[in-house]
Each structure stands twice: as C-alpha cells, then as structure tokens.
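Trainee: take this sequence and fold it.
(chains A and B)
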Amino acid sequence: MSGVPFLLPVDWWALGAVIALSGGAMALLLLEFLPHGPESNRAALVSLVTLLAAGASVFVVRDSRRALFDGMFVHDGITVFFTFLFCAIGILSVLLSWDYVKRTRINRTEYYALLLSSTLGMVIMAGSNDLITVFLGLELMSLALYVLVGFRRSHLESNEASLKYFLLGAFASGFLLYGIALLYGATGTTNLQKMTAVMSDSPMLENPLFVVGALLLVVGLGFKVSAVPFHMWTPDAYEGAPTSVTAFMSAGAKAAGFAALVRVGLSTLGAVRTDWVPVLSAIAILTMTVGNVTALLQNNVKRMLAYSSIAHAGYVLVAIVAGGRDGASAALFYLAVYSLMNLGAFGILTLLGRGTEERVLVSDLAGLGFRHPGLGIAMTVFMLALGGIPPTAGFMAKVYVFGVALKAGLVPLVIIGVLNSVVSVFYYLRITVAMYMEEPQAEPTHVSWAVPGALAVLAAVALTLWWGVQAHALLDQAQRSVLGGM
Amino acid sequence: MREYLPVLVFAAVAVLFAVSTIGVSTIIVPRRSSARKMAPYECGVEPVGDARQRFEIKFYLVAVLFILFDIEAVFLYPWAVAFRQLGLYGLVEMGLFILVLVVGYLYLLFKRAFDWN
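Mentor: Residues are numbered from 1 along each chain as shown, chains lettered A, B, ... in the order given. Model (predicted):
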C-alpha cells in the first residue's frame, strides 16, 4: 500500500453522480439554517439541480468502462443505464413533490435531503460489484425510505406504515447479510466476479453453505422488490406513505432491487442457472398471481397500485428467470417503462385533494374524466400502459419480457404471465370506468393543480406513448448497456 | 471445517463453565431469604419504584447520537494504526469521512438536538 499516489486511483468522473448526490444532500441539510421565507421552495430547487447535475455527469462518461475501489464499484453499461433511470425517477419525484409536500406541510429540507440520500443508495446499488457494496447501497436507500414513509407525522397510518416497513425491512436486511456471510464462507470472497471464478473451478452446488447463502440473498433482495411471499409490507407502506413518496419508492426502490438482482444473476448465480430457475420461477408465478388477484379486491387506488406493483415485479422476475443478456436487457427495459407508468399514476394521485386531505379511493375518481379532461386522459394512458395494452410502452415491455421467456423455453411462465395480464386489465379499467361512467357520490374531488406536478405527469404520458411507438430506441439502449456490462 | 474445532471447544468450555457455576451454587448455597434480600440490586441504593416506566424520548435521541459519533471513533482507530502506510491518501479519505459527519453534527447543533430542554 506504500505506493498509493496522492490523488486517489479513482476516475472521479465515473463517481460524478455519487459525488453530486451526496454533496447535494449535505448542502440541503446546511441550507435549512440560512434565512428563508416560510413559502420558499428552494430545497426542491436544489435537489432538482443536484439530480440534473448527477445525470449530466453520468452523461459525460456514459461510454467509459472501469472498476473502482478494488472492483467494489463498477462503472459499466448497467450502472450508466440505472443511474440515468434513478436520476429521472428522482427528477419526476421532485416535481411531483414540489407542491404536494408544501400542501401537506411536510418538513421540506429533510424530505428532499432524504430523497437525495435514497437516490444515492440506489445509484450505489446499481454500480456495486461486491455484495458488501450492494448491502451499503441497499441500507442507504432503505433507511432514508423508512423515514420518508413516515413523513405524514400526524397520520396514524403513516406512522404504522413506517414502523412496519422498518421492522420488516430490518429483518430482510438480516437475511441478506446472513446470505452474504454464507456466500463468503463458501467462496472466500464477496466480489461478484471472483465469486463466479471460484464457482467455475469447483461445483459449488455440492456446498450447502453456497446454496443456503444464495437462497437468503434472493430473500433479502426479493423483499425490496416486493416479490411474493416477501410482499406483506408493500400495500401498507404504499398506502400510509405520502403519495409522492409512494411514487418515488414504487419506482426507485424496486428498480434498485432488480438492478442488484440483474447483476447477481448475470454473474454469480448465472453460473448455476439450472438450479435456481425452479426457485425463481415459483416466486415469479406466485408474485404475478397473488399481486393481480389481490389487486382486484381493492377500493383504495394506492393499495390497488401497490398490489399491481407486486404483480409487475413478477413480470420482471420472468425476465430474470429467462436469464442471460437478453433476459437482463428485457428486465432493464421493463423497469424503465414500469417506473414511468407508476410515477405517472401515483403522480396524478398527488394532485388530488385539498391540503392534507387524501382522496385516493376509487369512488373519489368518479366523474374526474369529464371535469378534468387532461387528468382523465393521462390516467387512462397510465392504466392502459400498466395493463399492457398497445400502443403504450407497457405493451412493448410485456412483449419483450414474454418474448425472451419464450426463447428460453419457459412456456408455462409465459402462459401464466399472459393470463395474469388479462386479469389485471379488469382492475385497471375499473379506474377508467369510475372516471368516465360514474357520478361522484359525495363532494367531487378537488384537484390541486400545480405546474411542476402537471409537467411531470405530462412528461410521463409523453414518454409512455413515445416508447410504445419507438420502443426500439430504449431497447437498443438497454441491450447495449447489458453488452457493455460485463 | 477443521479450523473451526477450537471455536467449538471454546464454546463447549464456556457453556460448561456457566452451567457448572450456576449448578453448583444452586446446590450448595444456603437459602435464607428476606424481603430486603429479594429486592433488586441498584448499586447499593434503596430501590425507587418499578423499572417498567416510560422514559423521555430525549434519552433515545442521546443514545442514537452517541452511536453515530461512536462509530466515527471505530473508523478512526484503524486509520490511526495504519496512518503511515496510508499516507496522504488515507488523510484525504478520513478528511472526507469526517466532513460528512461534521455536516450531520452541524445539522444537529442547529436543530438544537443537544439542548436538553
């Protein structure tokens, strides 16, 4: 170690997003103590600038590939793809929060500082090439989210959601950590590449340490992406959280969990594919089916979308089961599209209601389509996209995932997936029906229009339709990211 | 698995020691109990009330803050030991690490987290 040069042997640009996000979060904490008016929304502005800077710094080095910190963090195609995605999710979330957070009287500085920290955790997860770094990113993301979920402090359900999410999340982290420990015991390394090398030398499946460790790893990450049977926290946490946080976590936390799964799947577990395919297939089938069937019974749109997000995790799992580079790029594509649709759908919910009031029941949407045509059309687009109906991006995403699965010979999985999509159309359309064909029973829902929030929804609508028509642009990007990934 | 044998032996000795100490004392100790002897031991001070009562949230805050800055010390020690080998690289790294903590510290200071009242 004596020959370490002064300037760290690190490509600073490759860490640009990480540095920008951590700097922005810290700056926000100190910013609160400079004088400002009660209506000032500069915390939102600072986080917007930070996220834009993070995205721009990745753009500069989008084609460079390197490993940093002894291979604990890699800057490759997958990292770049997900960092862009997380910055986009962050930007849309900030826009959606802009007015919502002000209206619901949430402490803005802390809210945005935690939002940036959580995004930072996601970026670290995407770039981690070592199980220790995966854990670091996961905890940074989750700890910030536990607090964000409980931010509606005067609401009991928000407190409950936060506590439940925290306790179950800590439990899942324990599983993950134990899995990492066992994998380390079996292979003598936590580095994913080295682990793959060790496994190709010796048949690791003989080793119970490895098998149990890999299973525990799947449990820990399965919790974060809310795969059945580790999904119990999802509806409560999504329902209790401030709606803008629900939007952020339903897109970001899920994509981050899958980023880690994709990386592990491409390297370590990919080497023992034949043996983990049955386990993951079972989880995928359960996740799709339980998510969709339970969503049918919900009257609260937030809860319904929570179950729908569980179901979507199932579709992504199908892509992961299919494995290989095709599977990974289909998963990347699906995650990008899913994030957009979900941010849009939850984004519309953030506009509903006056002050701290929440109007998120299906009956609250009654007649909305005629009183606010723009909102109605946008919601319809998101519902069609989530249900996987052309010409939206949601349709193309499902086509790619099931196409890849068919090529991998997973016919039963595809059949169950398609059946599930059909079921899901029913509850997505129920929202559209409520908006256009029902009369409000009580006082019609007030829409708190705000320019930033409306802009975010508009952007989501535009991209959902654009990627539905021009899917190959995004798919090319996903495929190139995965190719440059290893 | 052979390298784990000493750990197993150590664990066995530890369990044996604990069980035998408690076991022997249960068997041979004379029992003459009185109300005073059965009272919980509070460093020789007369017990005041039940231990199961509500604590002020401030204590938890102090505990959390303590852990936060305690962990800083945990990382500073190995750095101090390897200071010469790490050289300027280590100094810069630790400076960054402490900077992050200082931001948190300033936030707490401004938030008056350290004011007891």
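Trainee: and the strands in chain B?
Mentor: Using DSSP state E, no strands are found in chain B.
Trainee: my bad, the stretch 1-150 of chain A
Mentor: A:66-68, A:73-75 (DSSP state E, counting those that start in this stretch).
Trainee: right, so the ones you listed: which one is the most enclosed?
Mentor: Across the strands of the stretch 1-150 of chain A, averaging neighbours per residue (mean count of other Cβ atoms under 10 Å in any protein chain shown) puts strand A:73-75 on top, at a mean of 24. Quick note: C-beta positions are derived from backbone N, CA and C, even for glycine.
Trainee: do it and chain B meet?
Mentor: No. If you take Cβ under 8 Å from any Cβ of the partner chain as the test, strand A:73-75 misses chain B, and the best it gets is 14.7 Å.
Trainee: how about residue A:154, what does it touch?
Mentor: Counting by Cβ atoms under 8 Å, 6 or more residues apart in numbering or on different chains, residue A:154 makes contact with residue A:356.
Trainee: in what helix or strand does it lie?
Mentor: Following DSSP states H and E, there is no helix or strand that holds residue A:154.
Trainee: show me the shaky parts of chain A.
Mentor: A:1-11, A:203-206, A:270-274, A:484-486 (pLDDT under 70).
Trainee: redo that, cut-off 80
Mentor: Scanning chain A for pLDDT under 80 picks out A:1-13, A:36-40, A:64, A:199-207, A:267-275, A:355, A:441-443, A:484-486.
Trainee: ok, longest helix in it?
Mentor: Longest helix in chain A, counting residues (DSSP state H): helix A:156-187.
Trainee: name the helices or strands packed onto it?
Mentor: helix A:131-149, helix A:192-201, helix A:208-224, helix A:233-240 (3 or more Cβ pairs under 8 Å, 6 or more residues apart in numbering or on different chains; DSSP states H and E).
Trainee: any idea which of those is most buried?
Mentor: Most buried among the helices and strands packed on helix A:156-187, counting by mean count of other Cβ under 10 Å: helix A:233-240, with a mean of 24.
Trainee: continuing past it, what's the next helix or strand?
Mentor: Sequence-wise, the next helix or strand downstream of helix A:233-240 (DSSP H and E) is helix A:243-266.
Trainee: so how far is that next one off the chain centroid?
Mentor: 3 Å (Cα atoms, centre = their mean, to the nearest Å).
Trainee: which SSE is immediately downstream of it?
Mentor: helix A:273-295.
Trainee: returning to that earlier point: now the helices and strands packed on helix A:156-187 as CSV including distance to chain B?
Mentor: Below are those laid out as CSV (distance: least, Cβ to the nearest Cβ, whole Å):
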stretch, distance to chain B
helix A:131-149, 12
helix A:192-201, 18
helix A:208-224, 10
helix A:233-240, 21
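Trainee: make JSON lines from the strands of the stretch 1-150 of chain A and add distance to residue A:232 to it.
Mentor: As requested, the strands of the stretch 1-150 of chain A are arranged in JSON lines below (distance: least, Cβ to Cβ, whole Å):
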{"stretch": "strand A:66-68", "distance to residue A:232": "37"}
{"stretch": "strand A:73-75", "distance to residue A:232": "32"}
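Trainee: isn't residue A:300 right up against residue A:363?
Mentor: No. Residue A:300 is beyond contact range of residue A:363, at 10.0 Å (criterion: Cβ atoms under 8 Å).
Trainee: list the buried residues in stretch A:87-107.
Mentor: Buried residues in stretch A:87-107, counting neighbours by 16 or more other Cβ atoms under 10 Å in any protein chain shown, are found at A:87-104, A:106.
Trainee: that one and chain B, any residue contact?
Mentor: No. Stretch A:87-107 lies out of reach of chain B by Cβ under 8 Å from any Cβ, never closer than 10.6 Å.
Trainee: try stretch A:13-20
Mentor: No. On the criterion Cβ under 8 Å from any Cβ, stretch A:13-20 is out of touch with chain B, staying 10.0 Å away.
Trainee: who touches residue A:468 in this structure?
Mentor: A:385, A:390-396 are the contacts of residue A:468 under Cβ under 8 Å, 6+ apart.
Trainee: now residue B:8
Mentor: Applying Cβ under 8 Å, 6+ apart, no residues contact residue B:8.
Trainee: measure it to residue A:178 for me?
Mentor: 20 Å (Cβ to Cβ, to the nearest Å).
Trainee: can you show me the CA trace of the lowest-mean-pLDDT helix or strand in chain B as CSV?
Mentor: In chain B, no helix or strand scores lower on mean pLDDT, DSSP states H and E than helix B:35-38, which sits at a mean of 79. C-alpha atoms of helix B:35-38 as CSV (Å, rounded to 0.1, in the frame of the first residue of the first chain):
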residue,chain,number,x,y,z
ALA,B,35,-37.7,-9.1,51.8
ARG,B,36,-34.5,-7.0,51.7
LYS,B,37,-32.5,-9.7,50.0
MET,B,38,-35.2,-10.3,47.3
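Trainee: who are the packing partners of it?
Mentor: The contact analysis (3+ Cβ pairs under 8 Å, 6+ apart) places helix B:35-38 against no helix or strand.
Trainee: now do the helix or strand harbouring residue A:467 and helix A:243-266, the angle between them.
Mentor: Residue A:467 belongs to helix A:451-469 when assigned by DSSP H and E. Using axes from the mean of the first three to the mean of the last three Cα atoms, to 10 degrees, the direction of helix A:451-469 lies 40 degrees away from that of helix A:243-266.
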